[in-house]
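> predicted model follows, preceded by the sequence.
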Amino acid sequence: MTSIRSDISPAAAADWGAPSEIDSFGLLRRIFRSYLAPRWKVLALSIGSMILVAATTSLLPILLQSVADDIFDARDERMLYLLPPAIVIVFVVRSLADYVARVSEASIGNRLVADLRGQLFEKLAGADLGYLQRTHSAKFISVFMTDAQVVNSAAAQTLTAFASSALQVVFLAGTMLMFDPLLGTIALGALPFGVLLLRRQRSQMTSSVNRTLQGTGDLSSIVSQTLQGIRVVKAYDREAAMTGRARAIIDRTFDSIMQTTRMRAMSGPVAESLAGIGIAAAIFYGGVQGLKGGLSDGDFMGVIAAALLMYRPLKSLAGIQNVLYEGLIAAKRVFAILDADPNVVEKPAARPLVVTGGAIKFENVSFSYEHGKPVVDRVTLDIPPGHKVALVGPSGGGKSTLMNLVLRFYDPEIGRVLIDGQDVGEATVASVRKASALLTQEPVLFDDTVRSNIAYGSEEASEEAIIASAKAADAHEFIMRLPLGYETRVGEGGGLLSGGQKQRIAIARAMLRDAPILLLDEPTSALDAEAEARIQSALANLFGGRTVLMIAHRLSTVKKADLICVVDKGRIVESGTHDELVARDGLYANLNRTQLLGEQSAREEATG
């Protein structure tokens with residue numbers, strides 16, 4: 001699979017939910033060039049089989065014409081023994097060719113879907129963090145699961161099916177005109193009216209198909225929200241309200257689906273009615289000519305047989321425009337994600353970081369998520385190797401953004417972030433991420449074994465190293481009490497473990513990574529006092545010899561930091577040790593007093 005760019009810009013992907021107009025030719029050309037042409041051998045086999053199907057189909061009216069003229073009119077006994085076997089052979093060849101065409105078509109279409117999903121996953125896995133946080137995950141799942149499959153309709157089921165049906169119509173039309181040009185023209189005369197009628201459906205199809213795809217995404221979102229927040233839903237007695245919201249989305253989606261279905265169903269009756277008109281006109285004209293002796297029975301039978309055989313491919317062609325348009329709308333939504341401009345770009349001359357001590361330096365760094373609204377404003381901070389620096393301050397002050405800049409989740413708009421004197425913007429993204437280990441407030445575990453979660457990002461680690469990391473994180477003991485020890489699956493999001501257990505596994509993962517820089521984003525704030533004490537002991541083992549940048553709201557966890565920086569409104573407004581900052585009686589001292597009062601109040605309530 002071709003490598004694709006890694007980060008999604010919010011502005012570039014804003015349109016993927018509601019396409020206003022479709023460049024049909026451009027999208028089809030892209031689908032063909034990127035996904036069909038590389039499989040030209042299978043495509044050639046499919047088209048060759050379709051040509052054979054069309055050719056053998058057009059032979060049937062010719063054979064029936066021979067039956068009427070040579071057997072019934074000319075009384076040629078020899079043809080009685082030649083034509084039936086020939087008809088059998090034609091049917092067998094046609095059936096085998098049709099089988100090959102269908103299987104090759106399915107192979108092309110399903111491989112296209114697999115490639116699209118692979119590219120979408122690669123794109124989303126490396127996407128801009130801010131964009132992912134602003135867009136509900138279920139929306140992406142809807143595009144990943146539903147839209148990618150619908151694109152198959154615009155490719156295999158449309159391009160190949162169109163070729164098959166169109167070839168049959170062309171071959172059969174040629175056969176009809178060969179028998180009698182005027183009779184064949186009369187039989188085909190109603191077709192242009194059908195094309196005009198079906199083209200009028202196009203604008204309505206755009207609206208209804210888009211509403212259907214959006215409804216699918218909205219439904220995925222509310223199901224995901226309900227499952228993730230089910231405890232709150234039940235605690236606040238909101239089951240009926242959530243059900244009502246879901247029902248409204250389901251009903252809107254149902255209406256859109258039915259509108260699309262009615263328009264798709266209309267194509268069949270239109271084609272059938274017009275085919276009936278053409279056949280009726282052909283029978284009338286052919287009958288008149290037959291009575292006058294101007295048309296043989298065989299020619300008449302051949303034209304009518306070709307017209308009847310043309311019914312199925314004509315009906316297929318009539319429905320293809322609807323299937324095609326659905327696929328193109330879905331393709332635009334998919335390609336909007338794949339084509340989005342990256343926010344973090346690795347420069348062509350980027351080199352891996354050479355990390356020794358793990359020093360971190362912010363040089364006059366500014367960054368904003370929205371233009372003109374900086375969340376980090378001209379920050380300069382120097383963290384020597386092996387030092388522990390804590391970031392504290394009000395929520396929304398820019399602490400997490402500073403940490404994200406170290407990981408190069410974003411690039412600064414102004415200034416530089418350096419690790420061991422090297423600008424991370426000039427380095428490879430992989431080497432920047434490898435230089436650090438991250439611990440978050442809510443530890444992220446995957447629905448896999450304990451062993452796999454500890455070794456996540458360090459897959460080459462030995463069994464001894466995994467166990468040693470677990471012991472250092474104070475996790476080995478409880479892991480061995482699990483039903484299958486290190487082979488126990490932790491469940492979705494680690495739901496089968498307690499909060500403290502999950503955090504200790506996350507610490508073991510960081511231990512095993514053995515990175516020189518450690519980034520902590522409130523790793524103990526969600527734990528009770530007993531669990532926090534065990535985590536603090538494990539963290540003490542993890543801190544040894546590493547440069548630590550931590551975010552904390554519990555000031556008790558930062559008192560031993562070498563430097564505490566108070567971040568407010570995107571700037572470092574105070575810095576120093578705990579004692580120094582308390583003595584200054586500034587923002588940190590106020591935060592400290594507020595927290596002490598809160599802890600004292602909590603103790604008084606607990607003791608009654």
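Good, I have the coordinates.
> quick one: the strands in the stretch 101-250 of the chain?
Counting by DSSP state E, counting those that start in this stretch, the stretch 101-250 of the chain has no strands to list.
> swap in the chain?
If DSSP state E is used as the criterion, the strands of the chain fall at 360-370, 373-383, 388-392, 414-419, 422-423, 436-439, 517-521, 547-551, 563-568, 571-576.
> rebuild these as TSV, extending it with mean neighbour count and mean pLDDT.
Yep, even glycine has a C-beta here, placed from its N, CA and C like the rest. Formatted as TSV, the strands of the chain follow (neighbours: other C-beta atoms under 10 Å; pLDDT from 0 to 100):
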stretch	mean neighbour count	mean pLDDT
strand 360-370	17	91
strand 373-383	18	91
strand 388-392	23	91
strand 414-419	20	94
strand 422-423	18	93
strand 436-439	23	86
strand 517-521	23	88
strand 547-551	24	90
strand 563-568	22	91
strand 571-576	17	91
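> need those strands in a markdown table (columns: distance to residue 188).
Output for those, formatted as a markdown table (distance: least, C-beta to C-beta, whole Å):
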| stretch | distance to residue 188 |
| --- | --- |
| strand 360-370 | 61 |
| strand 373-383 | 65 |
| strand 388-392 | 77 |
| strand 414-419 | 70 |
| strand 422-423 | 70 |
| strand 436-439 | 69 |
| strand 517-521 | 71 |
| strand 547-551 | 75 |
| strand 563-568 | 77 |
| strand 571-576 | 77 |
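> to residue 234, which of these lies closest?
strand 517-521 (29.5 Å; C-beta to C-beta).
> tell me what angle that closest one forms with strand 414-419.
Using axes from the mean of the first three to the mean of the last three C-alpha atoms, to 10 degrees, the inter-axis angle of strand 517-521 relative to strand 414-419 is 120 degrees.
> of all the strands of the chain, which lies closest to residue 39?
strand 436-439 (40.9 Å).
> just so I know, which of the strands of the chain lies nearest residue 273?
strand 360-370 (56.9 Å).
> partner strands of the closest one, with direction?
As defined by DSSP bridges, the strand partners of strand 360-370 come to strand 373-383 (antiparallel), strand 414-419 (antiparallel).
> now render those strands as JSON lines, adding distance to residue 51.
Formatted as JSON lines, the strands paired with strand 360-370 follow (distance: least, C-beta to C-beta, whole Å):
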{"stretch": "strand 373-383", "distance to residue 51": "62"}
{"stretch": "strand 414-419", "distance to residue 51": "61"}
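> residue 466 is nearest to which of these?
Here strand 414-419 is closest among the strands paired with strand 360-370 (C-beta to C-beta), at 27.0 Å.
> let me see the contact set for residue 80.
Counting by C-beta atoms under 8 Å, 6 or more residues apart in numbering, residue 80 makes contact with residue 71.
> ditto for residue 403
Here residue 403 is in contact with 391, 519, 521, 549, 551 (criterion: C-beta under 8 Å, 6+ apart).
> and these, which two are the farthest apart?
Within the contacts of residue 403, 391 and 519 form the most distant pair, 10.4 Å apart (C-beta to C-beta).
> what do these two both touch?
With C-beta under 8 Å, 6+ apart as the test, residue 391 and residue 519 both reach 403, 549, 550.
> quick revisit: closest to residue 327 out of the strands paired with strand 360-370?
Comparing the strands paired with strand 360-370 by C-beta to C-beta, strand 373-383 comes nearest, at 40.1 Å.
> for the closest one, C-alpha coordinates in PDB please.
Extracted in PDB, the C-alpha atoms of strand 373-383 (Å, rounded to 0.1, in the frame of the first residue of the first chain):
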ATOM      1  CA  LYS A 373      -6.000  33.000  20.700                       C
ATOM      2  CA  PRO A 374      -2.600  31.700  22.000                       C
ATOM      3  CA  VAL A 375      -2.800  28.900  24.600                       C
ATOM      4  CA  VAL A 376       1.000  29.100  25.000                       C
ATOM      5  CA  ASP A 377       2.500  32.600  24.800                       C
ATOM      6  CA  ARG A 378       6.200  33.200  24.600                       C
ATOM      7  CA  VAL A 379       7.300  30.500  27.000                       C
ATOM      8  CA  THR A 380      11.000  30.000  27.700                       C
ATOM      9  CA  LEU A 381      12.000  27.100  30.100                       C
ATOM     10  CA  ASP A 382      15.200  25.200  30.500                       C
ATOM     11  CA  ILE A 383      15.100  21.700  32.100                       C
END
